[in-house]
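1. Predicted model follows, preceded by the sequence.
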Amino acid sequence: MERGLSPAGSARTGFALALIACALPLALRLLLLLVPANRWPAHLLLGVVALCLLALLTEVNHFGRAWYLTLLYAVSATGLTLTCWNGHSNDVLEARGRWTKVTVVQMTERPRRDTVCELRRTDDGTAVPQLLDDCADLSRGATLSVLEDPQGEVRPRRSAPCTVGTYLAAGVSGVVLVAGVTAAFRRGGRRRLPVPPTSLAGPRSHP
């Protein structure tokens, strides 16, 4: 006879753990505004998040015991983490980007890749730390406005970043993750319900 939480209690536990799992990549996304993504602390934070999500994966696999629930969690957790990590450039430009008037001082054509341009600020003549991508339509000496990161962490852009798709993808991944973990724990709770004791004596005969 195996005792454990009821299906409803197990589902609530899974729901709480799923919310924590969703919060980890989102917290990483916020921390990357303070920690440069190309430095080792950022990769350490990514590793910690990945280990925590992997630990929950073992619990989902143990309680759910269904390959589709394990796969659903793995795909949604990976998608949420990658979305938060890859959306870093958009987050940086949206949080601290500023529009700057610049002049193209050098163009470099790369084989099988987009042309990149070296920029210099028009007002003070200082160089923009990062190159501008996809600028084949420009010419040397051209003047334009770009959205740049004052700290020089990410590359400048000619248009404002669109974060709607990033937030939508993160939201869908989060909903799928929560649903999958909750279903796995509810399934485990049903399987772990205590079995009522059965009498070892045979049926009584009535006179």
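-> All right, it came through fine. Just so it is clear, the model here is predicted, and its values are computed rather than measured. Numbering: from 1, shown residues only.
2. Longest strand in the protein, please.
-> Criterion DSSP state E: the longest strand present in the chain is strand 98-108.
3. contacts for that one?
-> Residues from elsewhere that reach strand 98-108 (Cβ atoms under 8 Å, 6 or more residues apart in numbering): 115-123, 127-128, 131-132, 135, 138-148, 150, 156. The way it works is simple: take the backbone N, C-alpha and C, and place the C-beta from them, glycine included.
4. Kindly report the same for stretch 73-80.
-> With contact meaning Cβ under 8 Å, 6+ apart, stretch 73-80 is reached by 21-22, 25, 53, 56-57, 60, 169-170, 173-174, 176-177, 180-181, 184.
5. ranking those residues by neighbours, who comes first?
-> V181 (32 neighbours; other Cβ atoms under 10 Å).
6. I'd like the average pLDDT over the host helix or strand of that one.
-> Applying DSSP states H and E as the criterion places V181 in helix 164-191. Averaged across helix 164-191, the pLDDT comes to 87.
7. Can you name every helix or strand that it contacts?
-> Under the contact definition 3 or more Cβ pairs under 8 Å, 6 or more residues apart in numbering; DSSP states H and E, helix 164-191 sits against helix 7-31, helix 40-64, helix 67-86.
8. what is the orientation angle of the very next helix or strand once past the last one with helix 40-64?
-> Beyond helix 67-86 on the C-terminal side, the first helix or strand identified by DSSP H and E is helix 88-96. If you take axes from the mean of the first three to the mean of the last three Cα atoms, to 10 degrees, helix 88-96 sits at 120 degrees to helix 40-64.
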